[in-house]
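[1] The following comprises the amino acid sequence and a computationally predicted model.
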Amino acid sequence: MHISSYKPIKPEPSTSQINSHTAIAVWLLICCALVFAMVVVGGVTRLTGSGLSIVEWQPIIGTIPPITQEDWEILLDKYRQIPQYEKVNKGMTLDEFKGIFWWEYFHRLLGRLIGLVYFIPFVYFVARKRVDRKLGLKLLGIFILGGLQGFMGWYMVMSGLADNIYVSQYRLTAHLGLAFIIYAAMFWVATGLLAPKKTHTPDTTAATSIPWLRRFSFSLTGLIFVMVLSGGLVAGIHAGKAYNTFPLMDGYLIPPAMFVLEPWYRNFFDNITTVQFDHRLIAWLLIFTVPYFWFKARNISLPASARLASHLLILALMIQVGLGITTLLLSVPLTFAAAHQAGAILLFTAALWLNRTLS
């Protein structure tokens, strides 16, 4: 036997490796649940106008909430120095201030909690040599993204402290998009560790169709992510408060105010009409493409998990579209708007799981 023809057999993972992978996956999914809560609380924080109620970034000291009456007065006095107080909340009482303060406080506290829940087990798994180099680099990359997200959150808040009464829609969208990227990274690694060995042998037709279906599913996930970003712009400039009709926008298929700003490209980011139109357009694309994907998947021999994932994707889309229309027609009430933001994460999760099952 020639040495060059020898191919070592890849050893099966040991029971301890399987247990380690399961523990790491569960830990990452817990972190996903916390990020889910973080995104929803962040949405409520924005909807209640609470994001600028804390005007300082104190990662350690800021963990302790105000206790005495003097503490509260100091915080309110600092809030009175920013434009939002002068132009939106002038004359706000201390009790009213507390109503917006607590949402921002819990939002930041949840961010700190996520950092601890991620960092401590990460150090433990590395110290106990429970992760190999490849997995360790993935986990380190997620940790770096988490640190960047904390900085991005404060960078966003800074944009509303000097000249503006609200935070920049660009920074808000970047903050939201990064949260979804972190969520996707943790979910993908976790489901990869939990993925069972392939037991499904597709027929000849499926063998040629599944790669196409997989590319299609990744494209849908990308489109959902773009819709999330467009939703960030809608939220950032309060575009949901306008054109509260459906399916037309105040009687127009294409509203006349689409390109009133100069230069023209500003309309896609700063024009309430254009930003909302784009968000609707992406939703319509998903309304047509997801059912088409589901129909094509029905005719292919797929693993049971992939077929279930395709059903959940179309179900999540129907719920999300329903929430979006209701939120719009009711002029963005807090409950439905928060549910719509949660629905976006669930739709994104269904798409990620579908990608995993087809991989």
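    Looks like it arrived, so ask away.

[2] Report the central residue of this protein.
    In the chain, the residue lying closest to the centroid (C-alpha atoms, centre = their mean) is Phe180, at 3.1 Å.

[3] and Gln320, what is it in contact with?
    Residues near Gln320 by C-beta atoms under 8 Å, 6 or more residues apart in numbering: 340, 343-344, 346-347. Every residue, glycine included, has its C-beta placed from N, CA and C.

[4] How far off centre is the helix or strand encompassing it?
    Using DSSP states H and E, Gln320 falls within helix 304-329. Relative to the chain's own centre, helix 304-329 is displaced by 16 Å; criterion: C-alpha atoms, centre = their mean, to the nearest Å.

[5] Just give me the closest of the contacts of Gln320 to His21.
    Within the contacts of Gln320, distances to His21 taken as C-beta to C-beta reach their minimum at Leu346, with 25.3 Å.

[6] is it true that that closest one touches Ala316?
    Yes: if you go by C-beta atoms under 8 Å, Leu346 and Ala316 touch, sitting 5.2 Å apart.

[7] May I see the buried residues of whichever helix or strand comes after the helix holding Gln320?
    Once helix 304-329 ends, the next helix or strand along the chain (criterion: DSSP H and E) is helix 334-358. By 16 or more other C-beta atoms under 10 Å, the buried positions in helix 334-358 come out as 336-358.

[8] If we go by neighbour counts, what in the helix or strand bottoming out on mean pLDDT in the chain is buried?
    Least confident element among the helices and strands of the chain, by mean pLDDT, DSSP states H and E: helix 204-236 (a mean of 89). Residues 206, 209-210, 213-214, 216-218, 220-221, 223-236 are the ones in helix 204-236 that count as buried (16+ other C-beta under 10 Å).

[9] domain parsing for this protein?
    Domain assignment for the chain by automatic domain parsing gives 15-195, 204-359.

[10] mean confidence for the first one?
    Along domain 15-195, the predicted confidence averages to a pLDDT of 93.

[11] For Leu29, give me its contacts.
    Per C-beta under 8 Å, 6+ apart, neighbours of Leu29: 186-187, 190.

[12] Surely Leu261 and Thr273 touch.
    No: taking contacts as C-beta under 8 Å, Leu261 lies outside contact range of Thr273: 9.8 Å.

[13] Looking only at neighbour counts, state which of those two leads.
    Taking neighbours as other C-beta atoms under 10 Å, Leu261 and Thr273 compare with Thr273 leading, 22 against 16.

[14] Nearest residue to that one in space, please, no chain neighbours.
    Nearest non-adjacent residue to Thr273, counting by C-beta to C-beta, 6 or more residues apart in numbering: Ala257, 4.4 Å away.

[15] Give the helix, strand or coil label for that neighbour.
    Taken by DSSP: H, G, I helix; E, B strand; the rest coil, the conformation at Ala257 corresponds to coil.

[16] one step back: filter the contacts of Leu29 down to the ones in helices?
    186-187, 190 (DSSP state H).

[17] Identify, from those, the entry nearest to Phe97.
    Met186 (35.1 Å).

[18] Surely the closest one and Ala33 touch.
    No: with contact defined as C-beta under 8 Å, Met186 does not reach Ala33; the gap is 10.0 Å.

[19] Now do the same contact list for Glu96.
    So Glu96 contacts Asn89 (C-beta under 8 Å, 6+ apart).

[20] let me fix that: Gly42
    Here Gly42 is in contact with 107, 175-176, 179 (C-beta under 8 Å, 6+ apart).

[21] Let's have the residues you listed in JSON lines, adding distance to Gly240 and secondary structure.
    Listed next are those as JSON lines, based on distance: C-beta to C-beta, whole Å; DSSP: H, G, I helix; E, B strand; the rest coil:
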{"residue": "His107", "distance to Gly240": "20", "secondary structure": "helix"}
{"residue": "His175", "distance to Gly240": "18", "secondary structure": "helix"}
{"residue": "Leu176", "distance to Gly240": "15", "secondary structure": "helix"}
{"residue": "Ala179", "distance to Gly240": "19", "secondary structure": "helix"}
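
[22] Max pairwise distance over the residues you listed: which two?
    Farthest apart among these by C-beta to C-beta are His107 and Leu176. That separation is 12.8 Å.

[23] Which one's more surrounded, these two?
    Neighbour tally, His107 and Leu176, criterion other C-beta under 10 Å: the higher count belongs to Leu176, 25 against 21.

[24] The more buried one reaches Met38, doesn't it?
    No: Leu176 is not in contact with Met38 according to C-beta under 8 Å; the separation is 10.7 Å.

[25] what do the two both touch?
    In contact with both Leu176 and Met38: no residue, using C-beta under 8 Å, 6+ apart.

[26] where exactly do the helices run in the stretch 51-200 of the chain?
    Assigned by DSSP state H, counting those that start in this stretch, the helices in the stretch 51-200 of the chain fall at 69-79, 83-87, 94-127, 133-158, 169-194.

[27] Which one of these lies nearest to Gly251?
    Nearest to Gly251, of the helices of the stretch 51-200 of the chain and by C-beta to C-beta, is helix 169-194 at 26.5 Å.

[28] Any stretches of the stretch 201-350 of the chain with poor pLDDT?
    Applying pLDDT under 70 to the stretch 201-350 of the chain flags residues 201-208.

[29] Tell me the one of the contacts of Gly42 nearest Phe277?
    Leu176 (19.6 Å).

[30] quick one: contacts for the closest one?
    Here Leu176 is in contact with 39, 42, 228-229, 231-232, 235 (C-beta under 8 Å, 6+ apart).

[31] Looking at the residues you listed, which one is closest to Leu52?
    Nearest member of the contacts of Leu176 to Leu52, counting by C-beta to C-beta, is Gly42, at 13.4 Å.
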